[in-house]
Structure formats: structure tokens, C-alpha cells
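**Student:** here is a sequence with its predicted model. Questions after.
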Amino acid sequence: MKFTLQATDTQSKARAGEMVTDHGAIQTPIFMPVGTAGTVKAVHFNELKTQVNAQIILGNTYHLYLRPGLNTIEQAGGLHKFIGWDRPILTDSGGYQVYSLSDIRKIKEEGAEFRSHIDGSKHHFTPENVIDTQRIIGADIMMAFDECTPYPCEYDYAKKSLAMTHRWLDRCIGRYKETEGKYGFNQTLFPIVQGSTFKDLRKESAEYIASKGMDGNAIGGLSVGEPDEDMYAMTELVCDILPKDKPRYLMGVGTPANILEAISLGIDMFDCVMPTRNARNGMLFTTNGIINIRNEKFKNDFSPIDASGACDVSRVHTKAYLRHLMHSGEMLGAMISSVNNLSFYLWLVTEARKHIIEGDFSVWKKATLAKVMTRL
């Protein structure tokens with residue numbers, strides 16, 4: 001994978017760049033729709049291309065490992081062929097899922113033992129077999145296996161966890177370097193900075209990760225309940241240490257406000273379930289503000305969902321129609337809402353990129369934030 005830095009904002013640390021993988025180029029800043037189990041919920045891949053303009057999607061190692069299973073994915077020729085997606089894919093390592101399964105997992109030096117949320121069967125993830133699993137899945141960008149600490153977190157626990165995450169990283173890199181992709185294209189590995197909300201631990205981790213010289217780097221363990229101010233402080237500290245010539249990925253973030261603020265701090269890549277999860281519950285992100293489409297006031301509102309929206313779906317369908325679909329429990333309601341929200345998120349990062357290149361990002365960001373975070 002190659003990364004080229006193309007522009008930097010003069011009044012912030014925002015960057016515009018391009019990542020090139022064997023499955024295509026990615027213009028940054030970029031938002032990656034979450035396709036946990038090989039599907040972005042309620043959105044067909046054709047719409048991801050033509051309406052949402054997704055350049056890369058995210059898959060989840062834990063979920064794909066359990067279902068459909070590695071044997072099926074390998075026989076299909078990898079995840080790209082299995083799901084019919086010919087653009088880049090990033091897989092997370094399963095570390096976050098192990099964190100979220102706190103009641104049914106045990107973490108040891110060797111790795112993490114957990115029980116399936118599907119049938120209770122016992123499984124074991126190690127740094128080595130997580131790399132092997134991601135080789136079989138065939139993601140363009142693979143994530144190192146880490147422990148995501150909760151918030152709040154005791155300092156001593158965060159320090160011990162960080163040391164283990166770094167040891168796990170060394171094992172991941174070792175396995176990565178001694179193996180090759182299975183399907184004729186290159187895969188790259190991103191380490192993950194941890195350290196909870198402790199500045200000294202984040203600094204230590206960022207320096208350790210930077211020293212590994214990998215093609216890109218991620219920041220994990222944020223957006224897990226801490227105040228936004230802490231998330232921004234940790235992000236800024238880490239971005240000031242990570243190499244400027246490598247992409248930076250802030251995992252699991254976030255709201256439109258979070259994304260714009262993180263871009264201004266030097267982040268290039270984002271993913272979050274918020275646009276699709278909120279869509280299925282009737283919350284729509286639009287260029288004019290946030291809508292709860294289930295509200296009574298939209299019952300006879302025959303204006304477009306978002307007249308200035310990035311996709312045809314938002315410009316053609318009315319608020320009244322979408323409200324009807326949601327209240328009727330029709331699948332099309334979740335589909336329209338999801339396409340709208342993902343299109344908005346991709347519009348947001350594309351506009352950010354344009355204004356970074358044009359040199360007025362900070363002015364645009366201030367005006368845009370006031371608009372898109374307004375509750376309508």
C-alpha cells in the first residue's frame with residue numbers, strides 16, 4: 001500500500017491524501033461503511049458504489065470467523081469474491097469484539113479465550129492466528145490484535161494492558177512477515193495505539209507503534225464512553241507523534257462533529273456503525289441537520305428527505321413517504337435511511353477533502369458544524 005500526502009490545511013492539522021491498494025485508490029479523509037458480517041446492513045453493494053460512493057468498506061474478523069467461517073471464505077477465493085465487492089476492504093482484528101464480550105472471555109498472555117455469542121462454543125484468538133485468519137479473509141488492510149481497555153480504566157490496568165498489546169503487536173508483525181496473501185494481491189498491517197485516556201501511556205504507545213515503520217497506523221480505545229474532550233486530546237497527542245507520511249485511522253468514530261474535529265487534528269480514516277444503526281431507528285443525517293423521521297410533524301411533509309443530499313435516494317423520496325415506511329415496518333424504510341446516512345458521511349469527508357485542498361477547511365468546518373448538527 002502506498003500513501004501520498006497531497007495537501008495540508010494551513011490553519012489546522014487537516015490533511016488530504018491518497019492511499020493506493022491493489023483493489024483501488026482511496027481519497028482521504030475517508031469514511032468506511034461497516035460491513036460487519038460481509039454486508040453493510042440494508043444496503044446493496046451496487047448502492048454502495050453508485051449512491052454512497054464508498055471507496056472502502058470494513059469487515060469484522062470475529063464475526064466472519066464465526067459465520068460463514070474461514071473454510072467457506074477460502075473456498076470462495078476470499079471475502080472480495082464471496083461478497084462480490086471489488087474495491088478495498090479493511091478488517092479489524094476482533095480485539096474490540098473480545099473487549100465487548102467481557103462476560104464470556106478471558107484474556108491471557110497467549111491470547112484471548114471467548115465463547116461465541118451465537119452458540120456458546122469456545123474459541124481462542126492469538127496474535128498469530130488472527131493474522132492467519134485475516135490472510136484467509138483477504139482484506140487489503142489488516143489490523144493487529146490488541147486489547148481495547150474500557151472507560152473508565154484504572155491506570156495500572158491500562159499500563160499492563162498496553163505492555164501486553166505491544167508484545168502482541170510484535171507477534172503479529174512476526175507472523176505477518178513470515179506469511180503471504182493467498183489470493184494474488186498485497187495485504188498490509190496496521191498497528192493500533194492504545195493507552196486509555198492517560199497521556200503518558202498514549203505517548204509511549206504512539207512512539208512504539210511509530211518505531212515499527214508499518215504502512216499505516218490506527219488509534220484504538222477511544223469512543224468507548226470517554227468525554228469528547230478526552231478523545232480529542234488523546235487524538236491530537238498521538239497524531240503529533242505518528243509519522244506524517246503514513247495514514248492515521250481513528251477506530252470507531254463517530255458523530256459528524258467528531259469526524260470533522262478529528263480531521264482537523266490530522267486523522268485520515270474513520271469507521272462507525274452510527275450512520276446505519278441510527279438509520280434503522282429513524283435518525284437521519286442531512287446537509288441541513290438531524291431529523292427524527294418518526295416524528296408526527298413529517299407525516300404530511302412532502303419535501304425531499306435532503307434536497308441538497310449527495311444521493312438520488314435523498315433527493316427523490318419525501319419525508320412523508322419515508323416516515324410511512326418506518327412506521328409500517330417496511331424494509332425499504334431502513335434501506336432508504338441507511339443509504340441517506342452513509343451518503344451524508346461520505347459527502348462530509350469528501351467536502352472536507354475539497355476544502356483542505358482549496359485552503360479554507362477551517363472556515364468551512366465551522367459553518368458546516370453549526371448546520372449539520374442542528375436538530376430539525
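**Tutor:** Good, I have the coordinates. Numbering: from 1, shown residues only.
**Student:** so after the longest helix along the chain, what's the next helix or strand?
**Tutor:** Taking DSSP state H as the criterion, the chain has its longest helix at helix 331-358. Counting by DSSP states H and E, the next helix or strand C-terminal to helix 331-358 is helix 361-372.
**Student:** list the buried residues in that next one.
**Tutor:** 361, 364, 365, 368, 372 (16 or more other CB atoms under 10 Å). From N, CA and C alone the C-beta is placed, and that goes for glycine too.
**Student:** what sits up against it?
**Tutor:** Under the contact criterion CB atoms under 8 Å, 6 or more residues apart in numbering, helix 361-372 has outside partners 9, 11-12, 14, 256-257, 260, 263-264, 285-290, 344, 348, 351-352, 355.
**Student:** tell me the mean pLDDT over the longest helix of the chain?
**Tutor:** Mean pLDDT, computed over helix 331-358, is 98.
**Student:** what residues of it count as buried?
**Tutor:** Neighbour count says helix 331-358 has 333-353, 355-356 buried, by 16+ other CB under 10 Å.
**Student:** got the angle for that helix vs helix 361-372?
**Tutor:** 160 degrees (axes from the mean of the first three to the mean of the last three CA atoms, to 10 degrees).
**Student:** so residue 249, which state does it fall into?
**Tutor:** Judged by DSSP: H, G, I helix; E, B strand; the rest coil, the three-state class of residue 249 is strand.
**Student:** just give me the neighbour total for it.
**Tutor:** Neighbours of residue 249 under the rule other CB atoms under 10 Å: 25.
**Student:** can you list the low-confidence ranges for this protein?
**Tutor:** 98-99, 102, 104 (pLDDT under 70).
**Student:** who's sitting farthest from the centroid in it?
**Tutor:** What lies farthest from the middle of the chain is residue 300; by CA atoms, centre = their mean that is 36.0 Å.
**Student:** what helix or strand does it sit in?
**Tutor:** For residue 300, there is no enclosing helix or strand under DSSP H and E.
**Student:** how about it, what does it touch?
**Tutor:** Counting by CB under 8 Å, 6+ apart, residue 300 has contacts residue 320.
**Student:** how close does it sit to residue 327?
**Tutor:** To residue 327, residue 300 is 13 Å away according to CB to CB, to the nearest Å.
**Student:** ok, now residue 66?
**Tutor:** Computed as CB to CB, the residue 66 to residue 327 distance reads 34 Å.
**Student:** the two: who's more crowded?
**Tutor:** Neighbour totals were compared for residue 66 and residue 327, and residue 66 leads with 19 against 13 (other CB under 10 Å).
**Student:** need the contact list for that one.
**Tutor:** 116, 118, 123.
**Student:** same list (these) but as a markdown table, adding secondary structure and neighbour count.
**Tutor:** Putting the contacts of residue 66 into a markdown table (DSSP: H, G, I helix; E, B strand; the rest coil; neighbours: other CB atoms under 10 Å) gives the following:
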| residue | secondary structure | neighbour count |
| --- | --- | --- |
| 116 | coil | 15 |
| 118 | coil | 9 |
| 123 | strand | 15 |
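**Student:** identify, from the residues you listed, the entry nearest to residue 315.
**Tutor:** Nearest to residue 315 out of these is residue 118 (CB to CB; 39.8 Å).
**Student:** how much space between the residue nearest to that closest one when sequence neighbours are not counted and residue 97?
**Tutor:** Distances taken as CB to CB, 6 or more residues apart in numbering place residue 66 nearest to residue 118, at 5.9 Å, with adjacent residues excluded. Computed as CB to CB, the residue 66 to residue 97 distance reads 10 Å.
**Student:** backbone phi and psi for the most centrally placed residue in the chain, please?
**Tutor:** In the chain, the residue lying closest to the centroid (CA atoms, centre = their mean) is residue 271, at 1.8 Å. Taking degrees, to the nearest 10, you get phi -150, psi 150 for the backbone angles of residue 271.
**Student:** contacts for stretch 194-201, please.
**Tutor:** Stretch 194-201 has contacts (CB under 8 Å, 6+ apart) with 146-149, 151, 153, 155, 158-159, 161-162, 165, 202-205, 220-221, 226, 230, 233-234, 237.
**Student:** just the buried members of the residues you listed?
**Tutor:** By neighbour count, with 16+ other CB under 10 Å, the contacts of stretch 194-201 hold 146-149, 151, 153, 158-159, 161-162, 165, 202-205, 220-221, 226, 233-234, 237 as buried.
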